[in-house]
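Novice: Whatever this is, show me its structure:
(one chain, ligands or ions: 2)
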Amino acid sequence: MSSAALNQVQLKPKDYKSEVSVVWCPGCGHFGILNAIYRAFSELGVDPTKVMAISGIGCSSRTPYFIQSYKMHTLHGRAGAVGSGAQIARPDLAVVVTGGDGDGFSIGGGHMPHMARKNVDLTYILYDNGIYGLTKGQYSPTSRPELKAYTTPYGGPEEPMEPLLYMLTYGATYVGQAFAGKPKVCADLIKGALAHKGFSYVNIFSQCTSFNYLDTIEYYRDLMEDVPAEHDVTDLGAAMALARRPNGKAPMGLLYKVDKPTLTDRLADIRKRVGGTPDYDLKKIIDLSRP
Ligand code: SF4
Ligand code: MG
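Specialist: Numbering: from 1, shown residues only. Ligands and ions are numbered 1, 2, ... in the order given. Got it, this is the predicted structure:
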């Protein structure tokens, strides 16, 4: 994200809390992620007046309300598209998108590949609880087939998707995963994502204590295994091999990080090539596009 927002202030994590009361259910994993965001902001000296927090719809999409920053609570699934537009219009701002598995990968699934392949310079933190929580417990793209939800009373008929594989495949330049019950791992990954120039994606497992009775804290603790110390984060093949969950274990930590030109960089290159802001005269554009 924009480095203009980093190392600007000295604030404590609590200074990033807004005046809005957090309304999540007791024991919800989202509390841990929110605290990790406050901590990452504090440790990076993020200037709250340079942050644009953007979300769609869902329990996790309430996050911007709880952060001291500029914010937009957009339509279901559209946070990524709005975040991309905000970043292009104001590349000096740090754009942070937060949302859930249903919002990001089902309703907003069409936007995810394009943020990744364009290397839009924003941070996307996905709170993955394998359920639609706000709408009271429907099966989501990351639900396990064993889950009996209101929409799947006999269990699910399909396999869950793997968000890490998806994001790696489409070209995200920073990909990590954590569990809300590991606040330091979450904060470190979010810090790395915020400091990364390009599209950074952090998948954080987060227990929904009200509607997902399968994916409990104990389940996630048992599921996760640290990314091996010898893992090379610039090796896409090795990152994908870990994302495929060898031995059934989900990797925890940073899987992939490379530097590539961002969408903003490429737009600046075009401006340089045409000697300023591109000409929007329609006739000239038609002439230019003819070989
Ligand atoms: Fe958290 Fe689930 Fe409650 Fe939503 S419904 S606040 S995800 S525990
Ligand atoms: Mg969810």
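Novice: how about the strands of the stretch 101-250 of the chain, start to end?
Specialist: For the stretch 101-250 of the chain, the strands defined by DSSP state E, counting those that start in this stretch cover 123-128, 174-179, 200-205, 224-226, 250-257.
Novice: Please identify which of those is closest to Thr135.
Specialist: strand 123-128 (14.9 Å; C-beta to C-beta). Every residue, glycine included, has its C-beta placed from N, CA and C.
Novice: Note down every partner strand of that closest one and its orientation.
Specialist: strand 94-100 (parallel), strand 200-205 (parallel) (DSSP bridges).
Novice: and Phe105, what pLDDT?
Specialist: Note for Phe105: predicted pLDDT of 97.
Novice: Now do the same contact list for Arg144.
Specialist: By C-beta atoms under 8 Å, 6 or more residues apart in numbering, the contact list for Arg144 reads Gly130, Gly156, Pro160, Leu214, Asp215.
Novice: by how many degrees do the longest helix anywhere in the chain and strand 94-100 diverge?
Specialist: As assigned by DSSP state H, the longest helix anywhere in the chain is helix 30-44. Between helix 30-44 and strand 94-100, the angle comes out at 170 degrees (axes from the mean of the first three to the mean of the last three C-alpha atoms, to 10 degrees).
Novice: Please tabulate the strands paired with strand 123-128 in JSON lines, including the columns mean pLDDT, mean neighbour count and distance to ligand 1.
Specialist: Below are these laid out as JSON lines (pLDDT from 0 to 100; neighbours: other C-beta atoms under 10 Å; distance: least, C-beta to the nearest ligand atom, whole Å):
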{"stretch": "strand 94-100", "mean pLDDT": "97", "mean neighbour count": "30", "distance to ligand 1": "8"}
{"stretch": "strand 200-205", "mean pLDDT": "98", "mean neighbour count": "28", "distance to ligand 1": "12"}
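Novice: re earlier: ok, the helix or strand that the longest helix of the chain is followed by: who's next to it in the sheet?
Specialist: As assigned by DSSP states H and E, the chain's next helix or strand after helix 30-44 is strand 51-55. Under the criterion DSSP bridges, strand 51-55 sits next to strand 70-73 (parallel), strand 94-100 (parallel) in its sheet.
Novice: In JSON lines: those strands, plus distance to Asp226.
Specialist: Converted to JSON lines, the strands paired with strand 51-55 look like this (distance: least, C-beta to C-beta, whole Å):
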{"stretch": "strand 70-73", "distance to Asp226": "33"}
{"stretch": "strand 94-100", "distance to Asp226": "24"}
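Novice: for ligand 2, what are the nearby residues on the stretch 101-250 of the chain?
Specialist: With the criterion set to C-beta under 5 Å from the ion, the stretch 101-250 of the chain comes near ligand 2 through Asp101, Asn129.
Novice: and the stretch 101-250 of the chain, which of its residues are near ligand 1?
Specialist: Counting by C-beta under 6 Å from any ligand atom, the stretch 101-250 of the chain comes close to ligand 1 at Asn129, Gly133, Leu134, Cys208, Thr209, Ser210, Phe211.
Novice: Please flag which of these sit within helices.
Specialist: Using DSSP H, none of these sit in helices.
Novice: List the buried residues in stretch 65-77.
Specialist: Under the neighbour-count criterion of 16 or more other C-beta atoms under 10 Å, stretch 65-77 has Tyr65, Phe66, Ile67, Gln68, Ser69, Tyr70, Lys71, Met72, His73, Thr74, His76, Gly77 buried.
Novice: hmm, which two among these are most spread apart?
Specialist: The span of these, defined through C-beta to C-beta, is set by Gln68 and Gly77 at 25.9 Å.
Novice: what's the nearest residue to the residue of the stretch 151-291 of the chain found nearest ligand 1 if we skip its chain neighbours?
Specialist: Using C-beta to the nearest ligand atom, the single residue of the stretch 151-291 of the chain nearest to ligand 1 is Cys208, 3.3 Å away. Of all residues not flanking Cys208 in the chain, Asn129 sits nearest, at 4.1 Å (C-beta to C-beta, 6 or more residues apart in numbering).
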